[in-house]
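> following is a predicted model, sequence given first.
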Amino acid sequence: MEPTRHGVIVLANEACLTARGVEPAALIAALADAGLAADWLPLPAGQAGLDQLTADLQARRPTVLVAAGGDGTAHAVANMAVPLDIPMGVLPLGTANDFARGLGIPMDVAGAARLIADEAPIRVDVGTVNQEIFLNAAHLGLGVETAKRMDPQLKKWLGALAYGMAAVQAWQEAEPLVLELCADDQCTKLLASQLLVGAGIYFGGGNKVGKEAPDTGNLEIFALGADMGAAQAIGVAAAMRMGTLADQPDMLHVRTARMTVRLSRPAEVNLDGELLNLGRELRFELLPGGLAVYARASGPEAVLDIWGAGLELA
């Protein structure tokens with residue numbers, strides 16, 4: 001097939017491609033087979049490099065940005081696509097691919113390329129925290145400590161199951177957080193082991209936020225109390241696989257479009273697997289229809305349910 005649509009740029013983490021044994025030329029060829037003429041650019045490391053790339057893309061004005069990689073790559077590309085208002089496609093090459101699964105994007109490169117070529121983009125909600133965009137979930141506490149304990153080699157071998165193994169260690173060692181949550185003119189202070197703010201459907205290797213569509217108009221916020229024993233940890237793990245976190249004991253559940261979280265001490269935030277320090281006041285907000293993405297509006301792809309694979313509230 002002769003490529004017809006121009007201005008398509010594939011953005012990929014070179015380390016991810018190397019780990020998967022994928023050459024950039026193969027991605028360009030897959031898009032060409034689907035009828036898309038594309039160029040490839042590597043995603044730079046560090047915020048300064050990403051800011052420069054965003055400025056370069058603003059001058060270049062491509063028609064589509066394609067994230068080739070996992071949820072971290074999709075996160076980085078979305079933080080360029082949203083402010084530039086450029087549609088985003090996804091070629092899933094990660095371990096979990098939670099964002100792609102939640103939008104029914106095929107898990108094979110050829111199928112995902114055809115989706116970008118054949119379909120019109122749809123608008124989906126995304127979350128923001130202090131102006132940083134996230135697609136799946138933002139979290140503090142256990143999810144951050146779990147990410148720090150992830151062994152890249154183990155993740156490569158075991159896939160989603162590696163999340164659960166890291167989460168068990170985090171649950172045993174992590175210190176609780178004192179949080180003040182403010183929404184709809186009401187504030188609550190609590191001691192929490194984990195705060196989860198869900199924008200998408202899946203997180204942490206197939207865990208479920210508890211909604212079936214990515215455009216409900218609200219963020220799903222869960223705060224888990226600090227006094228959690230082994231039995232409750234097992235219950236939380238199972239609830240995350242089934243999307244029933246709101247039914248767990250000692251769980252605060254808030255559904256809102258915006259919330260401010262104040263921390264008693266500095267703590268990192270895990271956004272789609274990326275760890276950032278955003279200060280001690282976090283302003284979460286839903287951005288309705290903020291991202292144009294090539295996806296299936298009909299619903300999520302099936303996810304292999306490995307029980308206990310995501311003890312983290314990721």
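Perfect, I can see it now.

> going by C-alpha atoms from here, please, whenever you check contacts or count neighbours.
Will do.

> for residue 89, see how far away residue 116 is.
Distance, residue 116 to residue 89, by C-alpha to C-alpha, to the nearest Å: 6 Å.

> comparing the two, which residue is more hemmed in?
The neighbour comparison of residue 116 against residue 89 (other C-alpha atoms under 10 Å) goes to residue 89, with 30 against 25.

> from what I can see that one touches residue 117, true?
No - in this structure, residue 89 is not within contact of residue 117 by C-alpha atoms under 8 Å, at 9.6 Å.

> mind listing the shared neighbours of residue 116 and residue 89?
Listed as contacting both residue 116 and residue 89 by C-alpha atoms under 8 Å, 6 or more residues apart in numbering are 294, 295.

> now residue 27. Nearest residue, chain neighbours left out?
residue 109 (7.6 Å; C-alpha to C-alpha, 6 or more residues apart in numbering).

> same check, this time on residue 195
Leaving aside its sequence neighbours, residue 195 sits nearest to residue 223 (C-alpha to C-alpha, 6+ apart; 4.5 Å).

> which ones are touching the one you found?
192, 193, 194, 195, 196, 251, 252, 253.

> does it belong to a helix, a strand or coil?
Counting by DSSP: H, G, I helix; E, B strand; the rest coil, the backbone at residue 223 sits in strand.

> how near is it to residue 187?
Taken as C-alpha to C-alpha, the span from residue 223 to residue 187 is 13 Å.

> same deal with residue 105?
38 Å.

> residue 66 and residue 13 touch, don't they?
No - assessed by C-alpha under 8 Å, residue 66 is found out of contact with residue 13, at 11.9 Å.

> comparing these two, which residue is more hemmed in?
Neighbours per residue (other C-alpha under 10 Å) separate residue 66 from residue 13, with residue 66 holding more: 27 against 19.

> which residues touch that one?
Counted by C-alpha under 8 Å, 6+ apart, residue 66 has contacts 8, 9, 10, 11, 77, 88, 89, 90, 91.

> isn't there a helix covering it?
No - under three-state DSSP, residue 66 falls outside any helix and is assigned strand.

> separation between it and residue 139?
Distance, residue 66 to residue 139, using C-alpha to C-alpha: 26 Å.

> same question for residue 271.
Using C-alpha to C-alpha, residue 271 is found at 7 Å from residue 139.

> next one: residue 284
Remark: distance between residue 284 and residue 139 (C-alpha to C-alpha) = 11 Å.

> and for the two, which residues touch both?
When contacts are counted by C-alpha under 8 Å, 6+ apart, the set common to residue 284 and residue 139 is empty.

> could I get the full set of helices for the stretch 1-150 of the chain?
14-20, 24-33, 47-60, 71-84, 98-102, 109-118, 142-148 (DSSP state H, counting those that start in this stretch).

> which ones are touching the residue nearest to residue 27?
Applying C-alpha under 8 Å, 6+ apart to residue 109 gives the contacts 27, 30, 91, 92, 93.

> got any ranges where this protein has weak pLDDT?
Low-confidence segments of the chain (pLDDT under 70): 1-6, 143, 145-174, 211-215, 226-244, 246-247, 297-314.

> at 80 what do you get?
Filtered on pLDDT under 80, the chain yields the residue ranges 1-6, 142-175, 205, 210-216, 225-251, 297-314.

> give me the domain ranges for it.
5-124, 132-288 (automatic domain parsing).

> returning to that earlier point: I'd like the contacts of residue 66 written out as CSV, with distance to residue 290 added.
Shown next, in CSV, are the contacts of residue 66 (distance: C-alpha to C-alpha, whole Å):
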residue, distance to residue 290
8, 20
9, 20
10, 20
11, 20
77, 13
88, 11
89, 14
90, 16
91, 20
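
> so which of these are in strands?
Counting by DSSP state E, the part of these found in strands is 8, 9, 10, 11, 88, 89, 90, 91.

> the first one contacts residue 36, correct?
Yes - because the distance of 7.2 Å satisfies C-alpha under 8 Å, residue 8 is recorded as touching residue 36.

> okay, and the beta partners of the closest residue to residue 89 other than its chain neighbours?
Closest residue to residue 89 in three dimensions, ignoring its sequence neighbours and counting by C-alpha to C-alpha, 6+ apart: residue 66, at 4.4 Å. Counting by DSSP bridges, residue 66 forms beta bridges with residue 10, residue 89.
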